[in-house]
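**Student:** Take this sequence and fold it.
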Amino acid sequence: MAEEVVIEIDENSEITNSLTHGEEAHKNHCYKCHTDSVYTRDNRFVKSIDALSKQVVRCKEGSDIPWFDEDADAVVQFLNKKYYRF
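**Tutor:** Residues are numbered from 1 along each chain as shown. Reported below is the predicted structural model:
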């Protein structure tokens, strides 16, 4: 008889892991081009979560950062939580 394995997923843990991953990816790649001031300036270009996602992808592609979509999404989540709060 096969043994049943039950895996519980804690959504809060997944979110925390994604935010931590996004923070690390941001620290390792984004600070090479700019500082936090780009997110906090009065005339910032990003005005929505969609615009933030597009900007992260533009930076990723423009800098040849080897991220998967999940990595870019984690950076978007991190930036939104820390700076934008859309």
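
**Student:** okay, CA-based contacts and neighbour counts for the rest of this
**Tutor:** OK.

**Student:** Leaving out chain neighbours, which residue sits closest to Val76?
**Tutor:** In space, and not counting its chain neighbours, Val76 is closest to Ser53: 5.9 Å by C-alpha to C-alpha, 6 or more residues apart in numbering.

**Student:** hang on, the one you found packs against Asp73?
**Tutor:** Yes: counting by C-alpha atoms under 8 Å, Ser53 touches Asp73, with 7.3 Å between them.

**Student:** re the thing from before, dump the C-alpha coordinates for the helix or strand containing the residue nearest to Val76 into CSV.
**Tutor:** Using DSSP states H and E, Ser53 sits within helix 49-62. Extracted in CSV, the C-alpha atoms of helix 49-62 (Å, rounded to 0.1, in the frame of the first residue of the first chain):
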residue,chain,number,x,y,z
ILE,A,49,2.0,48.1,-10.7
ASP,A,50,1.8,47.4,-14.4
ALA,A,51,4.3,50.3,-15.1
LEU,A,52,6.6,49.0,-12.4
SER,A,53,6.5,45.5,-13.9
LYS,A,54,7.3,46.9,-17.3
GLN,A,55,10.2,49.0,-16.0
VAL,A,56,11.8,46.1,-14.2
VAL,A,57,11.6,44.1,-17.4
ARG,A,58,13.1,47.0,-19.3
CYS,A,59,16.0,47.2,-16.8
LYS,A,60,16.5,43.5,-16.9
GLU,A,61,16.7,43.3,-20.6
GLY,A,62,18.7,46.5,-21.0
